[in-house]
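>>> Fold the following and give me the result.
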Amino acid sequence: MASVYTVSQVNTYIKNMFLQDFALNNIYVKGEVSNCKYHSSGHIYFTLKDKHGVISAIMFAGNRNGLKFQMEEGQTVIALGSISVYERDGKYQLYAKQIVLEGAGLLYQRFEQLKRELEEMGLFDKMYKKKIPSFATQIGICTAETGAAIQDIINISSRRNPFVQLYLYPCLVQGAEAPADIVKGIQYLDKMGLDVIIVGRGGGSIEDLWAFNEEIVAKAIFNCNTPVISAVGHETDTTIADFVADMRAPTPSAAAELAVFDYNDFITKISYYKQMLNAQMMHTLERYRQNVKQYGTSLQLYSPISQLRTKKQYAADLLSKLTETIYLKLNDRKHRLELYAERLNGVSPLNKISKGFAYVSDSDGKSLCSVKQVKAGDDIQLIVSDGKIEAQVTKTTGGITDGE
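Residues are numbered from 1 along each chain as shown. Alright, predicted model coming up:
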């Protein structure tokens, strides 16, 4: 018997076939709305039909943010989404991600096609984005002469900075002639050498905003030497001009906020920076003043006069030490000399003579220290403390050491 599959297996298999088909995963389907029901969960259930068939469809609540109109019976719409199988019921249906009315749907397709082409050409690349000046004083505005957009820009600019200069190029922002007029305005303002240019208009349908989706407008913004801020429609509106501009503002009012710096805030910051600068200057001056003092001290320390003064003091100290050393040496030698003198005095003949002794010598002055050196009748001399006595030997007697 051949292989047998369950209903669930068959439905899963068919669903996988749908998922693998690239064309069914991103498809535009045009049809008339019928059986449209807004569920309490937020999902929208409806059927698309034409003369020859119908297809069930659902838009989940998470995708409804992009739906800009209330779906009703009989409307002809274009739905972008994927076709897959609902396994439980075994039927296929359209899972819509975006839904637009028929006219808008064609424009949306043109929008996506041009967006891809320009992106491939590099017009959206961040490397080409110019920086918006932080302190713009001359701002060009390319928009309609009447309308809420220009009034919002003027009001906010006046409130933020009454000294900023605004230059309006009144142009068409809607209709067949609008793209060429917008390009002319961008080119005219670019030649004026302004700080920044705001290009935009107020909100509207995709048809109303279409002039800002034209290729000539995109290329004019890209080729503009002046930084460009796009401000087209409301926050949820997106145009080709937004992608190619140097900065996108969600609304014209927001564009004015981005382009015009707040003068009061600027003055406050200037005052704050001035205080900080003065404080830093005082701190730096004080640090330099201390450095100068240190350098002055070092200069005095290493100057020739200071060196001479130091050497002079050093020489004076050496002289004082030398004098003290010599004095000590002299005192020591003097003391030793006194000791030697005392010793010499103790053995000096004169000292003996002064105490009653006499120095005996022969007539020639030769010292006599033994009786054997003279005989009776020899002349001798006796030197005493106060003079000399000449005498003659009458008799000699043996010395005490002889025992005589």
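>>> ok, how many other residues are close to Asp208?
17 (other C-beta atoms under 10 Å). Where C-beta positions appear, they are placed from N, C-alpha and C, glycine not excepted.
>>> correction: Phe46
For Phe46, using other C-beta under 10 Å, the count is 25.
>>> Name the next helix or strand downstream of the strand or helix carrying it, please.
Assigned by DSSP states H and E, Phe46 belongs to strand 44-49. The first helix or strand that comes after strand 44-49 along the chain, using DSSP H and E, is strand 54-59.
>>> what's that next one in contact with?
Under the contact criterion C-beta atoms under 8 Å, 6 or more residues apart in numbering, strand 54-59 has outside partners 29, 31, 34, 43-49, 67, 79, 81, 83, 91-97, 99.
>>> now the angle from that strand to strand 44-49?
150 degrees (axes from the mean of the first three to the mean of the last three C-alpha atoms, to 10 degrees).
>>> what packs against the strand holding Phe46?
If you count contacts as 3 or more C-beta pairs under 8 Å, 6 or more residues apart in numbering; DSSP states H and E, strand 44-49 packs onto strand 27-38, strand 54-59.
>>> mean confidence score for the shortest one?
What that stands for is strand 54-59. For strand 54-59, mean pLDDT is 94.
>>> Now find how far off-centre it is within its chain.
57 Å (C-alpha atoms, centre = their mean, to the nearest Å).
>>> Show me the shaky parts of the chain.
Scanning the chain for pLDDT under 70 picks out the ranges 1-2, 103-106, 346, 348-356, 399-404.
>>> Helices of the protein, start to end?
Here the chain has its helices, by DSSP state H, at 7-19, 22-25, 102-121, 148-160, 178-190, 215-223, 240-244, 252-259, 263-302, 304-347, 349-353.
>>> possible to save these as TSV with distance to Val384 and mean neighbour count?
Below are the helices of the chain laid out as TSV (distance: least, C-beta to C-beta, whole Å; neighbours: other C-beta atoms under 10 Å):
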stretch	distance to Val384	mean neighbour count
helix 7-19	158	13
helix 22-25	158	12
helix 102-121	147	15
helix 148-160	135	18
helix 178-190	143	20
helix 215-223	144	20
helix 240-244	145	23
helix 252-259	137	23
helix 263-302	76	10
helix 304-347	18	10
helix 349-353	6	13
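>>> and the ones you listed as TSV, adding distance to Leu172?
Formatted as TSV, the helices of the chain follow (distance: least, C-beta to C-beta, whole Å):
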stretch	distance to Leu172
helix 7-19	47
helix 22-25	40
helix 102-121	18
helix 148-160	13
helix 178-190	4
helix 215-223	12
helix 240-244	15
helix 252-259	16
helix 263-302	33
helix 304-347	87
helix 349-353	148
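>>> just to revisit the earlier point, separate out the buried members of the contacts of strand 54-59.
29, 31, 44, 46-48, 79, 81, 83, 92-96, 99 (16 or more other C-beta atoms under 10 Å).
>>> Return the member of the residues you listed nearest to Ala254.
Ile99 (27.9 Å; C-beta to C-beta).
>>> Touching, the closest one and Glu72? I think so.
No: Ile99 is beyond contact range of Glu72, at 12.0 Å (criterion: C-beta atoms under 8 Å).
>>> Give me the number of neighbouring residues for the residue lying closest to Lys129 once chain neighbours are set aside.
Sequence neighbours aside, Asp246 is the residue nearest to Lys129 in space, at 4.9 Å (criterion: C-beta to C-beta, 6 or more residues apart in numbering). Asp246 has 20 neighbours, counted by other C-beta under 10 Å.
>>> Asp246: what's it in contact with?
For Asp246, counting by C-beta under 8 Å, 6+ apart, the contacting residues are 129-132, 227-229.
>>> Please apply the same query to Gly122.
Contacts of Gly122 by C-beta under 8 Å, 6+ apart are Tyr128.
>>> got the phi/psi numbers for it?
Backbone geometry at Gly122, expressed as degrees, to the nearest 10, gives phi 90, psi 10.
>>> which strand residues sit across from Val33 in the sheet?
Val33 has these beta-bridge partners by DSSP bridges: Leu48.
>>> gap between it and Lys366?
Using C-beta to C-beta, to the nearest Å, Val33 is found at 172 Å from Lys366.
>>> Between the two, which has more neighbouring residues?
Val33 (20 against 10).
>>> isn't that one right up against Gln75?
Yes: counting by C-beta under 8 Å, Val33 does reach Gln75; the two are 4.6 Å apart.
>>> rewinding a little: return the most buried member of the helices and strands packed on strand 44-49.
Stretch with highest mean neighbour count among these: strand 54-59 (a mean of 18; mean count of other C-beta atoms under 10 Å).
>>> Dump it to CSV, restricted to CA.
What follows is strand 54-59, C-alpha atoms only, in CSV (Å, rounded to 0.1, in the frame of the first residue of the first chain):
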residue,chain,number,x,y,z
VAL,A,54,-11.7,35.8,-4.3
ILE,A,55,-8.9,35.4,-1.7
SER,A,56,-9.2,35.6,2.0
ALA,A,57,-6.9,38.1,3.8
ILE,A,58,-5.8,39.2,7.2
MET,A,59,-3.8,42.1,8.6
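>>> partner strands of that strand, parallel or antiparallel?
strand 44-49 (antiparallel), strand 91-101 (parallel).
>>> mind putting these in a markdown table, distance to Arg289 included?
Output for those, formatted as a markdown table (distance: least, C-beta to C-beta, whole Å):
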| stretch | distance to Arg289 |
| --- | --- |
| strand 44-49 | 78 |
| strand 91-101 | 71 |
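>>> one step back: can I get the helices and strands packed on strand 44-49 in CSV including distance to Leu107?
Below are the helices and strands packed on strand 44-49 laid out as CSV (distance: least, C-beta to C-beta, whole Å):
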stretch, distance to Leu107
strand 27-38, 13
strand 54-59, 20
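>>> Nearest to Gln138, out of the ones you listed?
For Gln138, the closest of the helices and strands packed on strand 44-49 is strand 27-38, at 45.5 Å, according to C-beta to C-beta.
>>> Identify all contacting residues around the closest one.
44-50, 54-55, 57, 71-83, 94, 102, 105, 109.
>>> again, but for stretch 91-100
14, 18, 29, 48, 55-60, 63, 66-68, 71, 77-86, 108, 206.
>>> repeat that with 6 Å
Outside stretch 91-100, the residues within contact range by C-beta atoms under 6 Å, 6 or more residues apart in numbering are 29, 55-57, 59, 63, 66-67, 77-83, 85-86, 108.
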